[in-house]
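A.B. asks: would you be able to build a 3D model of this:
(2 chains)
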Amino acid sequence: MQAIKETLNARRLLCPLPVIRTQDKVKQLKPGDLLEVICTDPGVMHDIPAWCRINGHTVLETSSGNHEYIITIRVGE
Amino acid sequence: MSKQRKAVALISGGLDSMLAAKVIMEQGIHVEGINFFTGFCVEGHTHAIREHNSSKPNRNNALWVAEQLGIKLHIVDVIEEYKKVLINPRHGYGTHMNPCLDCKIFMVNKAKQWIVENDFDFIITGEVIGQRPMSQTKSKMPIVSKQSGADDLLLRPMCAKNLPATLPEIEGWVDREKLYSITGRSRKPQMEMAKEFGIEDYSQPAGGCCFLTDKFYSAKLVDLWKAQGSKDYELDDIMLLKVGRHIRPKPHFKLIIAREEGEGRFLQGYKKEFISLHCSSHPGPLALIDGELSAEDIYFSARVVARYGQGRDAEQVDITVTEKDGSDRVIQVKPFAKEEVPNEWHV
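C.D. replies: Below you'll find the model as predicted:
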């Protein structure tokens, strides 16, 4: 498994702020890099995958537990 | 071969901006969406904080619209810059604390900056003449174009035929004949258009997409400004105005009491910034106290909080008071009776 390049702490932020922070972080990464985003707003489980689909990035994994939601993204071209 | 022209569409998540983008895409223009987050956007927050309302889809409609259209969406954080729009709007407020005309000018101006930075050709919005009393009237539309600096680079495809031709029309990038002339508050023409484009699912926000058009939210904002003695705010302030019952028994402090579990979880995140109270002898909500309080004020607040828990009819309940540093203590209080918490305290 490829190593996570960066982890973004988006806890306590409400959508769309986790999406905005993800968008800003992705701009700093290279295609193929993996970004892990940790959130507490359950809305991210819809919004971050939607943002990834329309912007050409891939959600590799989502998980949740203890009121936290973790999304792993592979940065697209 | 002619140059591929590019437009950025202001996407709110509603039907009008979706249709405006679609109309221009149909003319072969490359369209991308832009959405501005002011901190007051209804999108996302209510479902994020509160337990889910099953009658509404749990989604961000701007993202959803972009996906339906097959376009990119750029979400821009304008929280800091928006403060000057709200605190001192040149064109004043609407019915509540909504500075709609200044807001539209601000957003179109930001879009103008964006097209310059990203080498796009023009801006489109879903504005319709007569749709909104403050910002979308025939007399206000030229004001938005001019004061935003967008001038004739701002095209409103839904009502373009009722307005002077813009540069994209004059230059022939878009065919004016294929644009629309919708006016008024009726939604029928838009619904017909949606049908023609095969769009069956769309959001129709009844109260607009901004908390500032909400009477109760606006009252809380005014109360906040009055209590702190100045028109200013941080993001946390305006987030907290969306959550819980706000009860101000005295001018120097306010209680924010969770109304359900989702709000309670959200308020938990602020326990390092505020003294918090919860009933430990009976089930009850979490409450934050905003203000500088004496011991007497805390005792008084505990009686208010006890009123909203299941021990409200008990002779005495235990209330745990947690300081910002996490230390806590328990005090015994008699819950206030219903008539002892007058309506005037509710912000």
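
A.B. asks: what about B:S139, how many residues nearby?
C.D. replies: Neighbour count of B:S139, defined by other CB atoms under 10 Å in any protein chain shown: 7. Glycine gets a C-beta too; all of them are placed from N, C-alpha and C.

A.B. asks: quick one: it and B:M191, what's the gap?
C.D. replies: Separation of B:S139 from B:M191 (CB to CB, to the nearest Å): 27 Å.

A.B. asks: and the gap between A:Q2 and chain B?
C.D. replies: A:Q2 is 25 Å from chain B, where distance means CB to the nearest CB, to the nearest Å.

A.B. asks: residues from chain A in reach of chain B?
C.D. replies: Residues of chain A lying close to chain B by CB under 8 Å from any CB of the partner chain are A:12, A:14-17, A:19-20, A:23, A:40-43, A:46-47, A:50-51, A:53-55, A:67.

A.B. asks: please enumerate the strands of chain A.
C.D. replies: For chain A, the strands defined by DSSP state E cover A:6-10, A:34-39, A:58-65, A:68-74.

A.B. asks: pick the most deeply packed of these.
C.D. replies: strand A:34-39 (a mean of 21; mean count of other CB atoms under 10 Å in any protein chain shown).

A.B. asks: in the stretch 201-347 of chain B, which residue sits nearest chain A?
C.D. replies: B:G269 (4.8 Å; CB to the nearest CB).

A.B. asks: assign B:Y217 to helix, strand or coil.
C.D. replies: Secondary structure for B:Y217, judged by DSSP: H, G, I helix; E, B strand; the rest coil, is helix.

A.B. asks: now do the contacts for it.
C.D. replies: Shown in contact with B:Y217 (CB atoms under 8 Å, 6 or more residues apart in numbering or on different chains): B:H96, B:M97, B:F211, B:L241, B:K242.

A.B. asks: including secondary structure and distance to B:E292, could those residues go into a markdown table?
C.D. replies: Output for those, formatted as a markdown table (DSSP: H, G, I helix; E, B strand; the rest coil; distance: CB to CB, whole Å):
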| residue | secondary structure | distance to B:E292 |
| --- | --- | --- |
| B:H96 | coil | 29 |
| B:M97 | coil | 26 |
| B:F211 | helix | 27 |
| B:L241 | coil | 20 |
| B:K242 | coil | 24 |
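
A.B. asks: next one: the residue positioned nearest the centre of chain A relative to A:P18, how far apart?
C.D. replies: Per CA atoms, centre = their mean, the C-alpha nearest to the average position across chain A is that of A:V37, at 4.2 Å. Remark: distance between A:V37 and A:P18 (CB to CB) = 7 Å.

A.B. asks: hmm, back to that, now do the residue of the stretch 201-347 of chain B closest to chain A, the pLDDT please.
C.D. replies: pLDDT recorded at B:G269 is 89.

A.B. asks: list the contacts for A:L8?
C.D. replies: Per CB under 8 Å, 6+ apart, neighbours of A:L8: A:R21, A:T22, A:K25, A:L35, A:E36, A:V37, A:I38.

A.B. asks: excluding chain neighbours, what is closest to the second one?
C.D. replies: Taking CB to CB, 6 or more residues apart in numbering or on different chains as the measure, A:T22 lies nearest to A:V37, with 5.4 Å between them; neighbours along the chain are not counted.

A.B. asks: isn't B:G13 right next to B:N61, touching?
C.D. replies: Yes - at 2.9 Å, B:G13 counts as touching B:N61 under the criterion of CB atoms under 8 Å.

A.B. asks: A:P31 contacts A:E77, doesn't it?
C.D. replies: Yes - with contact defined as CB under 8 Å, A:P31 reaches A:E77; the gap is 4.9 Å.

A.B. asks: more neighbours: which of those two?
C.D. replies: Between A:P31 and A:E77, counted using other CB under 10 Å, the more crowded position is A:P31 (10 against 6).

A.B. asks: ramachandran angles for that one?
C.D. replies: phi -60, psi 140 (degrees, to the nearest 10).

A.B. asks: with B:S148 instead?
C.D. replies: When read as degrees, to the nearest 10, the backbone of B:S148 gives phi -80, psi -20.

A.B. asks: relative to A:L60, how far out is the closest residue to it other than its chain neighbours?
C.D. replies: For B:S148, ignoring the flanking residues on the chain, the nearest one in space by CB to CB, 6+ apart is B:V108 at 3.7 Å. B:V108 is 38 Å from A:L60, where distance means CB to CB.

A.B. asks: follow-up on the earlier one: common neighbours of A:V37 and A:P18, please.
C.D. replies: Common neighbours of A:V37 and A:P18 (criterion: CB under 8 Å, 6+ apart): A:A10, A:V44, A:I48.

A.B. asks: what about the residue of chain A found nearest chain B, how many residues nearby?
C.D. replies: At 3.7 Å from chain B, A:C15 is the closest residue in chain A, using CB to the nearest CB. When counting by other CB under 10 Å, one arrives at 29 neighbours for A:C15.

A.B. asks: turn the contacts of B:Y217 into JSON lines, including neighbour count and pLDDT.
C.D. replies: Below are the contacts of B:Y217 laid out as JSON lines (neighbours: other CB atoms under 10 Å in any protein chain shown; pLDDT from 0 to 100):
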{"residue": "B:H96", "neighbour count": "17", "pLDDT": "93"}
{"residue": "B:M97", "neighbour count": "22", "pLDDT": "94"}
{"residue": "B:F211", "neighbour count": "25", "pLDDT": "90"}
{"residue": "B:L241", "neighbour count": "23", "pLDDT": "94"}
{"residue": "B:K242", "neighbour count": "21", "pLDDT": "89"}
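
A.B. asks: near chain A, from those residues?
C.D. replies: With CB under 8 Å from any CB as the criterion, the contacts of B:Y217 include none near chain A.

A.B. asks: ok, those vs B:V85, which is closest?
C.D. replies: When the contacts of B:Y217 are ranked by distance to B:V85 (CB to CB), B:M97 comes first, at 11.4 Å.
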